[in-house]
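# Kindly generate the corresponding structure for this input.
(4 chains)
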Protein chains: 2
Amino acid sequence: MACAKPLPLYEQLKEHVLQNIRSGAWRTGARVPSEYDLVREFKVSRMTANRALRELMRSGVLARVAGVGTFVGDFKAAGHPLQIRNIADEIRSRGHRHRARLVTLERLIPSQTVRGRLGSAAAHTSVFHSLVVHFENDAVLQVEDRYVNPLLAPDYLGVDFETVTPHEYLMEVAPLQRVEHVVRAVLPEAPIRALLKLRAHEPALLIERVTWSCEARASFALLYHPGSRFELRGGFAV
Amino acid sequence: MACAKPLPLYEQLKEHVLQNIRSGAWRTGARVPSEYDLVREFKVSRMTANRALRELMRSGVLARVAGVGTFVGDFKAAGHPLQIRNIADEIRSRGHRHRARLVTLERLIPSQTVRGRLGSAAAHTSVFHSLVVHFENDAVLQVEDRYVNPLLAPDYLGVDFETVTPHEYLMEVAPLQRVEHVVRAVLPEAPIRALLKLRAHEPALLIERVTWSCEARASFALLYHPGSRFELRGGFAV
DNA sequence: AAGTGGTCTAGACCACTGT
DNA sequence: CAGTGGTCTAGACCACTTT
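This is a model prediction of the structure:
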């Protein structure tokens, strides 16, 4: 998926910084080239370098201190509660590596709970079910327990969910119309706890998410995250 | 209520646009002055006007179309799952009774952690600290551990926080400018656990919230909720 | 043709931190 | 003191849309 048009200079600078963070060359807390360094190295004006670093700061990748310098930010895993983002993109945008392991992919008769969340569309029929573990640099970041309306994604069982996330696939085949989520702190049951590699009594952050497409419920997902390594970040200005 | 320092020009422009939106003069979808309009009206350079409008676009307030113009954004899609809501209003909106118990109200030298969140404004000076327990029909719903910048709310220690919530008071004396929050699942320490009346190993949902006012950090709050009785709900359409 | 936003430059002054 | 980020200017070229 190459970008046809050349990126603006400030985007190229941002990408350069992110590459160095992704590759591990610049670790958390490390000093990042100053605006003047970028001016000299890339032959751009200072405003362009400033914009690149400023935007990376705003998105939490960098920390800047006037009179001191710019440094790689100290991020714990952070998600945006209001955006429906692809977890793989989210991990990559932090400069880290995403990997997915498919645990289960099947067709099943939904439980009472799942039927309630997925609605009448799945009343007496079976639904698709996937269980995927998402890793950020080899540490488990999310266990994704997802139930999908087969009417809206009939080819779900044929997708390779170790290269494409369920979210990516669903966004492609079913236009997202509406989303609802509930966030809770829980002590997950043993199977989930094992997949999350949680210590005993370590809590998890659970996001229950229902998505609508074509006026119907498309998917119900239980997204479990280790409490010690995951944060939902949000905020707004003004 | 006074922001002493003069805001940067681009912040003044943002404020000007926001005032017009807040007052209702510019409604959703209405055209906003172009960059050149702002250049002429406020005698600033185009880059300054550009930055103001660009940042308002990124925070979702404005929508811009190259070659066409800038318009007031459509807020119905921009649901805030973590709204800055007053917990008392929230409880009452569910038809329940809200009660607050003030545990602590003091001035103290902030810990390293608090200083980090509250920023340099509190570097070597003391800050205000309040610890309030919020009940929904006699069940604990939130333990609010809040640290306040004394420069922005000098009368904080004189407020009766069993009749007015800290949030209500702060909204009154310091205009809210920016908010950031982090949501996590945690096992709280003993003192908080006792106030929350949690069973052993019962997790809590922790919201860390930093609010800005007058370009300064106004308040840092740790909002603890019992995992078994509290949910964050959100969602949006389209 | 006129207007708009998107980007970019080559300077500038300031306040601040480090040495 | 030199270095840093924060801000600002007065131009510029481009692609695009509307008239």
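# For A:R99, which non-adjacent residue is spatially closest?
Once its chain neighbours are removed from consideration, A:R99 has its nearest residue in A:F135; the separation is 4.4 Å (C-beta to C-beta, 6 or more residues apart in numbering or on different chains). Backbone N, C-alpha and C define where each C-beta goes, glycine included.
# What of A:P110?
Closest residue to A:P110 apart from its sequence neighbours, by C-beta to C-beta, 6+ apart: A:V127 at 5.0 Å.
# quick one: the one you found and DNA strand D, what's the gap?
When C-beta to the nearest atom of the strand, to the nearest Å is applied, the distance between A:V127 and DNA strand D equals 42 Å.
# For the closest residue to A:L198 other than its chain neighbours, give me the pLDDT.
Excluding the flanking residues, the one nearest A:L198 by C-beta to C-beta, 6+ apart is A:P226, at 6.0 Å. The predicted local confidence for A:P226 comes out at a pLDDT of 95.
# Tell me the bridge partners for A:P226.
A:P226 has these beta-bridge partners by DSSP bridges: A:A204.
# Run a quick check on it versus A:L196, I expect a contact.
Yes - contact status for A:P226 versus A:L196: in contact at 5.3 Å, counting by C-beta atoms under 8 Å.
# hey, what's in contact with both of these two?
Jointly contacting A:P226 and A:L196 under the rule C-beta atoms under 8 Å, 6 or more residues apart in numbering or on different chains are A:V140, A:A204.
# how's chain A carved up into domains?
Structural domains assigned to chain A are A:9-72, A:77-232, following automatic domain parsing.
# Select, out of the ones you listed, the one closest to B:P154.
Each of those was scored for nearness to B:P154 using C-beta to C-beta, and the closest is domain A:9-72 (26.9 Å).
# Just the element for A:H16, please.
Using DSSP states H and E, A:H16 sits in helix A:9-22.
# Who is the residue nearest to A:P110 paired with across the strands?
Each beta-bridge partner of A:V127 is listed here: A:L108, as defined by DSSP bridges.
# For the spatially most central residue of chain A, give its distance to chain B.
For chain A, the residue sitting closest to the mean C-alpha position, by C-alpha atoms, centre = their mean, is A:I87 at 1.9 Å. In this structure, A:I87 and chain B are separated by 16 Å, where distance is defined by C-beta to the nearest C-beta, to the nearest Å.
# Report pLDDT for that residue.
87.
# quick one: contacts for it?
When contacts are taken as C-beta under 8 Å, 6+ apart, A:I87 is in contact with A:G79, A:H98, A:H134, A:L141, A:Q142, A:E144, A:T165, A:H167.
# if we go to 10 Å?
For A:I87, the set of contacting residues under the criterion of C-beta atoms under 10 Å, 6 or more residues apart in numbering or on different chains consists of A:77, A:79, A:98, A:100, A:132, A:134, A:136, A:141-142, A:144, A:165-168, A:223, A:225.
# near DNA strand D, from the residues you listed?
When C-beta under 7 Å from any atom of the strand is taken as the criterion, no member of the contacts of A:I87 contacts DNA strand D.
# For those residues, which ChimeraX command selects only the ones that are buried?
The following ChimeraX selection, which keeps only the buried ones among these, applies the criterion 16 or more other C-beta atoms under 10 Å in any protein chain shown:
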select /A:77,79,98,100,132,134,136,141,142,144,165,166,167,223,225
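# Can the helix holding A:H16 be said to contact DNA strand D?
No - contact between helix A:9-22 and DNA strand D, assessed by C-beta under 7 Å from any atom of the strand, is absent, since the two come no nearer than 11.3 Å.
# starting at the chain centroid, how far to that helix?
For helix A:9-22, the distance from its own C-alpha centre to the chain's C-alpha centre is 19 Å (C-alpha atoms, centre = their mean, to the nearest Å).
# returning to what we had before: show the average pLDDT along the helix or strand harbouring the residue nearest to A:R99.
Secondary structure assigned from DSSP H and E places A:F135 in strand A:127-136. For strand A:127-136, mean pLDDT rounds to 96.
# mind saving the C-alpha coords of that strand as PDB?
Coordinates of each C-alpha in strand A:127-136 appear next as PDB, following Å, rounded to 0.1, in the frame of the first residue of the first chain:
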ATOM      1  CA  VAL A 127     -22.300 -16.500  14.200                       C
ATOM      2  CA  PHE A 128     -18.600 -16.200  13.500                       C
ATOM      3  CA  HIS A 129     -16.200 -16.100  16.300                       C
ATOM      4  CA  SER A 130     -12.500 -15.200  16.400                       C
ATOM      5  CA  LEU A 131     -10.000 -15.000  19.200                       C
ATOM      6  CA  VAL A 132      -6.900 -13.100  18.400                       C
ATOM      7  CA  VAL A 133      -4.000 -12.100  20.600                       C
ATOM      8  CA  HIS A 134      -2.200  -8.900  19.700                       C
ATOM      9  CA  PHE A 135       1.400  -8.300  20.600                       C
ATOM     10  CA  GLU A 136       3.300  -5.100  20.900                       C
END
